[in-house]
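>>> Fold the following, please.
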Amino acid sequence: MSIQESCRRHVKAYRTAGVVAALGAAIVVGCGKKEGPKIGPPEVYVTQAVQKDVPVIMELVGQTSGSKDVEIRARVEGYLESVNFREGDFVKEGDLLYTIDPKPFEASLAQAKGDLANAKAKLAGAEITWNRLKPLAAQQAVSQQDFDTATANRDAAKASVDATKAAVDQAQLNLGYTRISAPLSGLADVTKVKPGNLVGRSESTLLTTISVVDPIYFTASLTEGDYLRLVEKSAKGPGQAEQKADIELILASGGVYPFLGRLDAIHRAVDPKTGTLATRLVYPNPERFVRPGQYGRIRFTIDTLKGAVCIPQKAVEELQGVQQIVVVGADKKAEVRTVKMGPRFGDLWAVLEGLKVGETIVVEGLQSAKSGAEVAPKQVEAGAAVGAAAPATPAAPATAPAAPGKPAPPKGK
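I've put the predicted structure just below:
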């Protein structure tokens with residue numbers, strides 16, 4: 001190797017080392033100057049606890065029934081001839097519902113009338129004999145035994161007439177039972193027996209049921225604890241207090257029945273199997289909209305919490321029966337606090353223990369707020385905190401965008 005080639009190699013090595021050193025220095029200098037983005041405290045939306053009078057609402061599940069449920073039964077034995085009403089429709093008192101074959105009963109009535117005529121003829125003959133013997137017996141022209149026999153025959157004939165009269169009445173009554181009419185106005189059920197079937201043999205066959213549905217009854221069951229609470233709130237007791245029509249009925253569809261009801265009766269004893277006490281309420285039903293057998297819920301106010309501390313329901317987290325809220329102090333630090341909640345009222349929830357009126361609580365961003373950590377509270381109007389949904393974040397395109405000039409709340413609970 002010549003001296004010139006050796007010099008060229010050394011020069012290249014020096015140049016490469018210089019470039020690497022320069023690049024390393026540049027990287028070190030660049031890393032030293034660049035700063036990461038500062039992460040501030042999480043934004044949360046807050047409101048203040050307010051004071052309101054909160055009604056204590058009780059809801060009970062129950063079932064409707066007719067105020068009168070009358071079973072229509074066959075009272076005589078025979079073949080059903082016709083069904084004379086529209087099943088499931090309203091019937092009026094006196095409307096013909098069923099007819100049973102009357103021919104056997106017409107024959108029985110005719111026979112009973114014949115027996116009555118025979119008995120009356122025998123009575124007439126016995127009275128003639130008795131009237132003839134009476135003056136003779138007074139003159140002792142006939143024996144006393146003959147007169148006594150005539151008297152006995154006359155009395156027996158009278159008894160026979162009375163018996164045959166009763167038989168005629170019974171035959172007429174049985175004939176009348178072949179035409180079954182509605183004993184009251186109400187809603188008729190479907191017929192249980194079709195024409196051509198034998199009814200009334202050895203028992204009074206159930207044909208249908210008529211229910212009076214205006215007014216209509218609603219029966220619900222109270223637990224012993226709820227019953228005692230009602231007794232404590234009423235000076236006279238729930239069975240004797242003034243009955244006001246102020247009880248709402250919520251139907252199975254979720255709609256509220258337009259008429260209010262009142263307490264009608266309370267059963268005598270607690271059911272030992274269920275530990276509940278049945279109560280009966282009565283509701284107007286002029287349009288016959290509610291039918292017997294429907295399920296529903298009744299709702300009424302049993303007490304009022306005066307000046308209760310209230311917060312929006314969405315500000316409360318529940319986990320395994322423990323209810324917690326996040327309170328923001330004057331130093332903007334979050335505090336997770338366990339509270340005891342009371343009744344709900346609309347979108348509000350009464351706080352029984354653990355919070356004071358005016359304290360600031362988090363309503364949006366609960367998951368971002370950690371106990372003891374600083375947060376960036378954003379005030380929400382009371383109406384918006386209760387009723388309005390939180391503005392959408394940019395990450396949720398399916399919802400409406402936030403209002404201009406107002407930042408969207410952080411995504412949380």
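>>> beta partners for the most centrally placed residue in the chain?
By C-alpha atoms, centre = their mean, the chain has its centre lying nearest to G296, at 1.7 Å. G296 has these beta-bridge partners by DSSP bridges: G62, L251.
>>> Ok, the one 5 residues further on next?
Per DSSP bridges, the residues bridged to T301 are I57.
>>> what about the helices in the stretch 251-400 of the chain?
Along the stretch 251-400 of the chain, the segments classed as helices by DSSP state H, counting those that start in this stretch run 382-386.
>>> chain center to stretch 270-286: distance?
Taking the mean C-alpha point of stretch 270-286 and that of its whole chain, the gap between them comes to 11 Å (C-alpha atoms, centre = their mean, to the nearest Å).
>>> With only the CA atoms kept, save it in PDB.
Extracted C-alpha coordinates of stretch 270-286, given in PDB (Å, rounded to 0.1, in the frame of the first residue of the first chain):
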ATOM      1  CA  VAL A 270    -102.900 -10.100  56.800                       C
ATOM      2  CA  ASP A 271    -102.300 -13.100  54.500                       C
ATOM      3  CA  PRO A 272    -100.000 -15.400  56.500                       C
ATOM      4  CA  LYS A 273     -98.600 -16.900  53.400                       C
ATOM      5  CA  THR A 274     -97.400 -13.700  51.700                       C
ATOM      6  CA  GLY A 275     -97.300 -11.300  54.700                       C
ATOM      7  CA  THR A 276     -99.400  -8.700  52.800                       C
ATOM      8  CA  LEU A 277    -102.700  -7.000  53.300                       C
ATOM      9  CA  ALA A 278    -105.100  -6.700  50.400                       C
ATOM     10  CA  THR A 279    -106.600  -3.300  49.600                       C
ATOM     11  CA  ARG A 280    -109.300  -2.400  47.200                       C
ATOM     12  CA  LEU A 281    -109.600   0.800  45.300                       C
ATOM     13  CA  VAL A 282    -112.400   2.100  43.000                       C
ATOM     14  CA  TYR A 283    -112.100   4.000  39.800                       C
ATOM     15  CA  PRO A 284    -114.700   5.500  37.400                       C
ATOM     16  CA  ASN A 285    -114.800   3.700  34.100                       C
ATOM     17  CA  PRO A 286    -117.500   5.400  32.000                       C
END
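>>> hmm, who's touching it?
The contact list for stretch 270-286 (C-beta atoms under 8 Å, 6 or more residues apart in numbering) reads 60, 67, 213-224, 227, 247, 249, 257, 259-267, 269, 290, 298. Bear in mind the C-beta positions are built from the backbone N, C-alpha and C, glycine included.
>>> And for stretch 204-215?
The set of residues external to stretch 204-215 that reach it, using C-beta under 8 Å, 6+ apart, is 65-75, 87, 91, 97-98, 180, 182-193, 199, 282-286, 288, 290-292.
>>> out of these, which are buried?
By neighbour count, with 16 or more other C-beta atoms under 10 Å, the contacts of stretch 204-215 hold 65-67, 69, 72-75, 91, 97-98, 180, 182, 186-189, 191, 193, 199, 282-283, 285, 290, 292 as buried.
>>> Can you pull the domain assignment for the protein?
1-30, 45-53+306-386, 102-177 (automatic domain parsing).
>>> what's the most buried one of those?
Compared across the domains of the chain, domain 45-53+306-386 shows the largest average neighbour count, a mean of 17 (mean count of other C-beta atoms under 10 Å).
>>> ok, E318 - contacts?
Remark: with contacts taken as C-beta under 8 Å, 6+ apart, E318 is in contact with Q324.
>>> so where do the helices sit in the stretch 51-200 of the chain?
Assigned by DSSP H, counting those that start in this stretch, the helices in the stretch 51-200 of the chain fall at 103-138, 144-176.
>>> Point out the ones among the buried ones among the contacts of stretch 204-215 that are inside strands.
Judged by DSSP state E, the subset of the buried ones among the contacts of stretch 204-215 located in strands is 65-67, 69, 72-73, 91, 97-98, 180, 186-188, 199, 282-283.
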